[in-house]
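[1] Everything below, folded, please.
(one chain, ligands or ions: 1)
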Amino acid sequence: MKPVHFNIRSFIYILLAISFLSACSNKEITGKSGPKIIDSLMAKMTIEEKIGQMTLFTSGWDVTGPVLRDTYREDIINGKCGNIFNAHTVAYNTELQRIAVEESRLGIPLLFGYDVIHGYKTIFPVPIGEACSWDTVLIEKSARLAAKEAAAAGLNWTFNPMVDISRDPRWGRVSEGSGEDTYLSIIARLKVRGTQNGDLSDPFTLAACVKHFAAYGAPQAGRDYATVDMSMRVFREIYLPPYIAAIDAGAATVMTSFNELFGVPATASYFLLTEVLRNELNFKGVIVTDYTSINELVPHGVAKDEKEAAELALKAGVDMDMQGAVYYNYLKELVDSGKVDLELINQSVRRVLQLKYDLGLFKDPYLYLDAMREKEVVLSEEMMAHSLEAAQKSIVLLENKVGKTGKLLPLDISKYKKITVLGPLADNKLDILGSWMAAGDQSNSVSLSEGLKRKFPDKNIQSMEGVGFMSEDRSAFPGSLALAKSSDLIILALGEDYTMSGEAASRTELDLPGIQSEFANLILDSGKPVIVIIFAGRPLTISDLSQKADALIYAWQPGTRTGDALADILSGDFNPSAKLAITFPYNVGQIPIYYSMKNTGRPYLEEEKYTSKYLDSPNEPLYPFGYGLGYSDFEYSPIVINKSLISEKDTLIAKVIIKNTGKYAGEEVVQLYIRDMVGSLTRPLKELKGFSKIYLKPGESKEVVFNITVSDLKFLGQDMKYIYEPGDFMLFIGRSSMDTSEAEFRLKNKK
Ligand code: GLC
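    Below you'll find the model as predicted:
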């Protein structure tokens, strides 16, 4: 039952809308510039009401629950605020929507936006972790379920997907993206498709918002909000494709980034917002700023004051001002003084009204506000089951060494009577949710130790923190060591808390925070079998641990079902299959380090001094892009190609046979890379051009086939147009970017 307010006004409003819509056939309600209802509203709106549709203000949350500033409440009533973010739950949003629909002059419904980045209430793994699943079905389903749960809680817009490519783990927001690789831009498309599901008026979906446009993931020195400076070639070839993928998938909105690019802050960049976004990519949706990023044009030094900032943003193409109140304060004055054309405002208002129309809000402003549905959907079994699967598939097994008694994992639990879990993440239920945990709360999450106790109810499982995230307190070291020595197996649960990655969380050192490494060495030297599990929102520099740990697992921040997923992996009930979507450096000094680097004119030669290298570090990463272990043993046959000389019309077919020679059924991500040996421009050593995730039972074999055409060989030529060139190529197929077999082929000269 929808909460219907028998207030005569809304009743008339709904009658009017229904009679209006039923009176016209589809084609009639869509006039030249959109639905007639928009035309009729535009004709009635005052300039203040128009600017209100371009204004987005935040709700707040106190311990007492949601709070909205009184001034914002007033603004909704007087039509000066048409959009709210960070407001959720049906009860609260219904109240706000009622005010807008029943108490404002024109009754235009509100948009309700929120950062549903990896789950709303049921939290899934942080996006960098989920990207390591390489599981396209899973990733789309996560977006779909997150949207379903959030929509059931009264939201209709999410500020997701974040698609900023990043090759710099000093930048804390690598946790929100899908890693370093451009080919994995397909993830952006999957997330938009999952979020919007092809029908914005479906009350189980949300409007997506692809962010942060553009190239926010490449701040100098990895420092958040810092200058981004790159060549147009690198921008178009590496950083732009994921935004294109999201827009081509129909993303309803785009968010401008805080950073400057090509010397202009994105929020004031006519080149980015109009020439690229509108004209080149044909984006017709709403462009919203990031939080107060119009105001920030003043400290950026491109506007002398906020009034000028408003003018710059509007002329660049910004439709909606998030939280800055700059449009709210200055746009009318700018129109009255002739500084900006009212038509620019009309265009933006139409886009916002069109979005509300597409969401079905004009037909029924309470479409997303159904308390019964909220009860059924939020934290449902469907959500909790998916949170488990997503966590299982995102957790990366980095080491599983053959020790005195064979490999530690999967555990032969019969060997162990007493298991000790030590570290700040042993009993943790909060930080495992990651930096954008939305409405998630620890009361629903499962800690590592809880998961182990559920899995092994008859085992003696002890846990203690032993060391804090950042504290220098060693007082619990002796007790921890004593407990460890009294155990048969130790699990170290170490890493970052949720504030150490995400926004405004750049780090210059990527070691385990605080004195956790010291603690780890103390326990590792106990002589007991030790499994190390790292929880973080970014790659950390863990070369010592990778040497000393018998087994090393990178859990990222797995979300609500953390403990169950890890217990399934440790027990062997789930065979880990994740592969890194971002390179793990040995040390910070190597950054930026990524798999698709170029050869240089002096590639490293051990015996040659004057070659590209460090005196104090290897060139190679600690763990490469695409790397991850499992419990199965997958054997790759040599690559077979159908021809080694192709014309531009040919398809090169490359085949490998993968056999599971181990005793565990499992999944393998078979990766295809290509190298253009000689080009009119330098070309990367490898570029990911395809992958296939396959499942094999013990002893089973499968043929994996990759079809390669000239479109896989394209790159931006001297004239910045995509071209392919004849010549020699290498193709690589393997289990990571550094563990491949290869085959050569040549592309014939064009006729
Ligand atoms: C933040 C983030 C952005 C988020 C927005 C609203 O500053 O940069 O990703 O969507 O504000 O919370």
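
[2] So what's the residue count around residue 598?
    Neighbour count for residue 598, taken as other Cβ atoms under 10 Å: 12. For every residue, glycine as well, the C-beta is placed using N, CA and C.

[3] so it bridges to which residues?
    Note on residue 598: beta-bridge partners by DSSP bridges are residue 684.

[4] my read: it touches residue 681, true?
    No. Between residue 598 and residue 681 there is no contact under Cβ atoms under 8 Å: 9.8 Å.

[5] residues in the protein within reach of the ligand, list them.
    Residues of the chain lying near the ligand by Cβ under 6 Å from any ligand atom: 115, 159, 211, 290-291, 503.

[6] and these as TSV, adding neighbour count?
    Shown next, in TSV, are those (neighbours: other Cβ atoms under 10 Å):
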residue	neighbour count
115	21
159	25
211	26
290	24
291	16
503	18
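
[7] Strands of the stretch 601-750 of the chain, start to end?
    According to DSSP state E, counting those that start in this stretch, the stretch 601-750 of the chain carries its strands in the segments 634-636, 640-641, 645-646, 652-660, 666-676, 687-696, 701-708, 715-716, 722-723, 727-736, 739-747.

[8] Where do the helices of the stretch 251-400 of the chain begin and end?
    Secondary structure of the stretch 251-400 of the chain by DSSP state H, counting those that start in this stretch: the helices cover 270, 297-300, 306-316, 326-336, 342-358, 371-377, 381-394.

[9] Now mean neighbour count too, for these, in a markdown table please.
    Listed next are the helices of the stretch 251-400 of the chain as a markdown table, based on neighbours: other Cβ under 10 Å:
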| stretch | mean neighbour count |
| --- | --- |
| helix 270 | 14 |
| helix 297-300 | 18 |
| helix 306-316 | 23 |
| helix 326-336 | 20 |
| helix 342-358 | 20 |
| helix 371-377 | 16 |
| helix 381-394 | 23 |
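
[10] Minimum distance to residue 700: which of those helices has it?
    Set against residue 700 and scored by Cβ to Cβ, the helices of the stretch 251-400 of the chain come closest in helix 381-394, at 19.8 Å.

[11] In the stretch 351-500 of the chain, which residue sits nearest the ligand?
    Closest contact between the stretch 351-500 of the chain and the ligand, by Cβ to the nearest ligand atom, is at residue 436 (8.1 Å).

[12] ignore the last one, the chain
    Going by Cβ to the nearest ligand atom, the ligand is nearest to residue 159 of the chain, at 3.4 Å.

[13] give the contact list for that residue.
    By Cβ atoms under 8 Å, 6 or more residues apart in numbering, the contact set of residue 159 is 85, 113-117, 209, 211, 255.

[14] Also residue 298?
    Residue 298 touches 304-306, 309, counting by Cβ under 8 Å, 6+ apart.

[15] Identify, from those, the entry nearest to residue 268.
    When the contacts of residue 298 are compared for distance to residue 268 (Cβ to Cβ), residue 309 wins out at 7.4 Å.

[16] related to what we said a few turns ago, how about the contacts of residue 298 in TSV, adding distance to residue 359 and pLDDT?
    Shown next, in TSV, are the contacts of residue 298 (distance: Cβ to Cβ, whole Å; pLDDT from 0 to 100):
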residue	distance to residue 359	pLDDT
304	38	98
305	35	98
306	30	98
309	29	98
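
[17] With distance to residue 202 as added columns, please give the residues you listed in CSV.
    Formatted as CSV, those follow (distance: Cβ to Cβ, whole Å):
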residue, distance to residue 202
304, 46
305, 43
306, 38
309, 37
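
[18] Out of these, which is nearest to residue 530?
    The closest of the contacts of residue 298, once distances to residue 530 are taken by Cβ to Cβ, is residue 309, at 54.8 Å.

[19] Distance-wise, check the closest one relative to residue 349.
    20 Å (Cβ to Cβ, to the nearest Å).

[20] ok, now residue 370?
    Taken as Cβ to Cβ, the span from residue 370 to residue 349 is 28 Å.

[21] and if you look at residue 179?
    Per Cβ to Cβ, residue 179 is found 38 Å from residue 349.

[22] Over to residue 213?
    21 Å.

[23] cool, and residue 130?
    Relative to residue 349, residue 130 is positioned 36 Å away (Cβ to Cβ).
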